[in-house]
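**Student:** This is the structure alone, sequence omitted:
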DNA sequence: TCCGACGATAAAAACGATTTTAGAGGCGGT
DNA sequence: ACCGCCTCTAAAATCGTTTTTATCGTCGGA
């Protein structure tokens, strides 16, 4: 099956009556070739429809203008915006993206990383991926990389993420002002540094703001609908249920809403709910979720830019951590708790929705 | 920045005291090399951590084990499942995916297609992309491809999509049985063959099932929230509004729900609503949308498999169109219209939700 | 003994570019 | 007249593979 053979630089050279190297230099805009010659070469190249083979070029030059993007699942709505952000700067800088799904499984991640390296990507962006493991660490030595949303507790890497501590604190402060003192939390997976940072911030607030300290209010969950449903059931079956819940993200919060409807619990009358991410659906009237905005696309672009810098400068410069702040978006899923709580200050601030 | 130079086949050959070609043949499992030799080679290759360069291999062999995937926006929830489906079979078959966003703009699409071809992808999957245009058509001649969700009216291509006509008809039949006779439709973009097929099926049903024939009931929209909102406003401002609405997809339907809440219109009491796709959120109690299920991930896998066949067999075999059927998923967003309509048979079937 | 075949390995060509080194003229300075 | 330098182009090396062709014993058969 000899596909219509491509036009090579050789053909252009022949047509122009020049050497291959001259054509190469001409097209690269090197100043060692006369302007007139250059123009002729360009003309002919265009006329013949010459397009240089990225493969051959990469092989020789050692740079592939290619970056790998690893994500646990491209169809996961909580992650796609990062990918898009990375792509934004990739195309802007003439890079092409090699995509891989890892399904949250480390052996898949390792396999994908190897594949990317085989394809000689210039760098990789790891979105919510495993940061530990001997093999992973070994592979990370080979090629520049940036982590998004998940960072290692043991190594200091290039990393871009949201300001998890601050945004959690904002949400909790808001709930505190509304008068809540008993707040449940459904965390993301324990492997997610983002989730753990939120949990840590929650715990700090329990002390700082004087919330009920009760380990039963912490449910270890995930970033999906089911975690929200299960978390809600668990928290609501407590002897003394919380008056507000912090969900791991908006999708999880939707799961909580769903379960609340199932249990006949009214939001925000009986229960306040706060998500995280601010997905576009959160603003719908049928959902109307108070949440902390995570500028994921911007995080993606920041990560890609960081990576490109890394690629440019070589592996010498020290790892950098970039934290992108996000704000609390107040909608109607939070309200003052019903007046049956025991502490003073029934409702501090009358901040309402929208 | 001479990155730690990779282990090449040359190194393996030297270590084994063999010729490069022998090593290549040994690793490829060719039978022209003694089993004992082969084992030795494999041993050494593993010991040295040899990984063949995909670039060099592709360059020489003319096959890159790579496929391009073009999508208008990876962060569009209506499209991500296709991508995931394609990826499923890609990894299974040892292919790597090159991803590109085109933002629904044909010049971006052309640019991306060129990039993919420069990278010598073995084929490409075009998800909801432009099918017309001189340049697009020219590029399609170069490399095998499969369209998903959008097909050309003028050319016959390899294509995989849902059964738009049948699923639309199912929804309309269901609404007819509930007693609806005046049904609005918010279409996807006119460039989307899928949307136009649904519209055609809608028009056929208007005749077959005896719905009100009224061009005002057709709103040309898109696949997003805003199209739903605008469509609802438009339809509800009609002198005689519809009793049911068919949305272009689930996201659009969510937009309709949102606008209905804004307008104080109760679903399904005053208005029945039917989406398309069956995204996971559609099953939530706060949404609970009746919709037609589109097995997008399966469509994606089917497309990738079709493409691989195309790559294998060469461009000789004729284009194939694969239609994947989907079923109506009945939830609570549709009900019998309020008893103020003029025709006989107030409510035919008492089919209820869930 | 010679020929052909065969089995195993080696050597060389090719893939399509970039990069390095070489060469050919022209020109100015001494 | 010669040297060096500069400008432009050519030739060759290189990237890391695969593929094609060559080599070299050995063995069987006539």
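**Tutor:** That came in fine, so what should we check first? Please read these numbers as outputs of a predicted model, since none were measured by experiment.
**Student:** Helix or strand next in line after the longest helix along chain A, which one?
**Tutor:** Using DSSP state H, we find that the single longest helix of chain A is helix A:296-313. As assigned by DSSP states H and E, the chain's next helix or strand after helix A:296-313 is strand A:321-324.
**Student:** Which secondary structure elements does that next one sit against?
**Tutor:** In terms of contacts (3 or more C-beta pairs under 8 Å, 6 or more residues apart in numbering or on different chains; DSSP states H and E), strand A:321-324 is packed against strand A:159-162, helix A:296-313. Every residue, glycine included, has its C-beta placed from N, CA and C.
**Student:** Next, residue A:68: secondary structure please.
**Tutor:** Under DSSP: H, G, I helix; E, B strand; the rest coil, the three-state class of residue A:68 is strand.
**Student:** give me every residue that touches it.
**Tutor:** A:97, A:98, A:99, A:100, A:112, A:113, A:116, A:119, A:121, A:123, A:124, A:125 (C-beta atoms under 8 Å, 6 or more residues apart in numbering or on different chains).
**Student:** again, but for residue A:55
**Tutor:** Residue A:55 touches B:55, B:58, B:59, B:64, B:119, B:120, counting by C-beta under 8 Å, 6+ apart.
**Student:** tell me the two of those residues that are most distant?
**Tutor:** Within these, B:59 and B:119 form the most distant pair, 11.3 Å apart (C-beta to C-beta).
**Student:** Tell me the one among the contacts of residue A:55 nearest to DNA strand D.
**Tutor:** DNA strand D has its nearest neighbour among these in residue B:59, at 4.5 Å by C-beta to the nearest atom of the strand.
**Student:** Get me the contact residues on the stretch 251-354 of chain A for chain B.
**Tutor:** Selection of the stretch 251-354 of chain A residues close to chain B by C-beta under 8 Å from any C-beta of the partner chain yields A:254-255, A:257-258, A:261-262, A:280-281, A:284-287, A:297, A:314-315.
**Student:** In PyMOL, how would I select the buried members of these?
**Tutor:** Of these, the buried ones go into a single PyMOL selection, burial set by 16 or more other C-beta atoms under 10 Å in any protein chain shown:
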select buried, chain A and resi 254+255+257+258+261+280+281+284+286+287+297
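**Student:** Can you give me the first-to-last residue distance of stretch A:210-224?
**Tutor:** From its first residue to its last, stretch A:210-224 covers 29 Å (C-alpha to C-alpha, to the nearest Å).
**Student:** Buried residues in that stretch, which are they?
**Tutor:** Of all the residues in stretch A:210-224, those buried under the rule 16+ other C-beta under 10 Å are A:211, A:212, A:217, A:218, A:219, A:221, A:222, A:223, A:224.
**Student:** which residue packs closest to the second one, ignoring adjacent ones?
**Tutor:** Spatial nearest neighbour of residue A:212, chain neighbours left out: residue A:182 (4.4 Å); criterion: C-beta to C-beta, 6 or more residues apart in numbering or on different chains.
**Student:** same question, the last one
**Tutor:** Closest residue in space to residue A:224, ignoring its immediate chain neighbours: residue A:251 at 5.9 Å, by C-beta to C-beta, 6+ apart.
**Student:** Same question for the fourth one.
**Tutor:** Of all residues not flanking residue A:218 in the chain, residue A:185 sits nearest, at 5.5 Å (C-beta to C-beta, 6+ apart).
**Student:** next one: the third one
**Tutor:** The spatially closest residue to residue A:217, leaving aside those adjacent along the chain, is residue A:184, at 4.5 Å (C-beta to C-beta, 6+ apart).
**Student:** Tell me the strands beside the helix or strand where the one you found lies, with direction?
**Tutor:** Assigned by DSSP H and E, residue A:184 belongs to strand A:183-187. Under the criterion DSSP bridges, strand A:183-187 sits next to strand A:218-220 (parallel), strand A:244-246 (parallel) in its sheet.
**Student:** of all these, which lies closest to residue B:194?
**Tutor:** Closest approach to residue B:194 among these is made by strand A:244-246 (39.1 Å; C-beta to C-beta).
**Student:** Could you give the separation of that closest one from the chain centroid?
**Tutor:** 23 Å (C-alpha atoms, centre = their mean, to the nearest Å).
**Student:** same question, stretch A:225-239
**Tutor:** Put simply, stretch A:225-239 sits 26 Å off its chain's centre (C-alpha atoms, centre = their mean).
**Student:** ok so, going back, residue B:59 and residue B:119: which is more packed in?
**Tutor:** Set side by side, residue B:59 and residue B:119 show more neighbours around residue B:119, with 23 against 19, by other C-beta atoms under 10 Å in any protein chain shown.
**Student:** what are the phi and psi values for the residue lying closest to that one once chain neighbours are set aside?
**Tutor:** Closest residue to residue B:119 apart from its sequence neighbours, by C-beta to C-beta, 6+ apart: residue A:54 at 4.6 Å. As for residue A:54, its main-chain torsions (degrees, to the nearest 10) stand at phi -60, psi -30.
**Student:** Residue A:54 contacts residue A:65, correct?
**Tutor:** Yes. The pair residue A:54 and residue A:65 qualifies as a contact (C-beta atoms under 8 Å) at a distance of 7.1 Å.
**Student:** Can you check which residues contact both of these two?
**Tutor:** Taking C-beta under 8 Å, 6+ apart as the contact rule, residue A:54 and residue A:65 both touch residue A:96.
**Student:** Which helix or strand contains the spatially most central residue of chain A?
**Tutor:** In chain A, the centroid-proximal residue (C-alpha atoms, centre = their mean) is residue A:82; its distance is 4.1 Å. Using DSSP H and E, residue A:82 maps to helix A:80-92.
**Student:** Show me what that helix packs onto, helices and strands only.
**Tutor:** Packing partners of helix A:80-92 (3+ C-beta pairs under 8 Å, 6+ apart): strand A:66-71, strand A:96-101, strand A:123-127, helix A:296-313, strand B:96-101.
**Student:** still on that earlier bit, just the closest of the contacts of residue A:68 to DNA strand C, please.
**Tutor:** In terms of C-beta to the nearest atom of the strand, no member of the contacts of residue A:68 lies closer to DNA strand C than residue A:119, at 15.4 Å.
**Student:** got a list of what the closest one touches?
**Tutor:** Residue A:119 is in contact with A:64, A:66, A:68, A:98, B:54, B:55, B:66, B:96, counting by C-beta under 8 Å, 6+ apart.
**Student:** farthest pair in those residues?
**Tutor:** Spatially, the most separated pair among the contacts of residue A:119 is A:68 and B:55, at 13.8 Å (C-beta to C-beta).
**Student:** Now do stretch A:205-221: distance from first to last residue.
**Tutor:** Counting by C-alpha to C-alpha, you get 20 Å between the two ends of stretch A:205-221.
**Student:** Figure out how far that stretch is from the centre of its chain.
**Tutor:** On C-alpha atoms, centre = their mean, the centre of stretch A:205-221 falls 27 Å from that of its chain.
**Student:** what does it rub up against?
**Tutor:** Stretch A:205-221 is contacted from outside by A:168-169, A:172-173, A:176, A:180-190, A:199, A:202, A:227-228, A:230-231, A:234-235, A:238, A:242, A:248, A:252, using C-beta under 8 Å, 6+ apart.
**Student:** orientation of the helix holding residue A:82 relative to strand A:123-127 in degrees?
**Tutor:** Interaxial angle of helix A:80-92 relative to strand A:123-127 (axes from the mean of the first three to the mean of the last three C-alpha atoms, to 10 degrees): 160 degrees.
**Student:** what's helix A:80-92 in contact with?
**Tutor:** Helix A:80-92 is touched from outside by A:67, A:69, A:71, A:74, A:95-97, A:99, A:125, A:127, A:148-149, A:296-305, A:308, B:73-77, B:80, B:99-101, with contacts defined as C-beta under 8 Å, 6+ apart.
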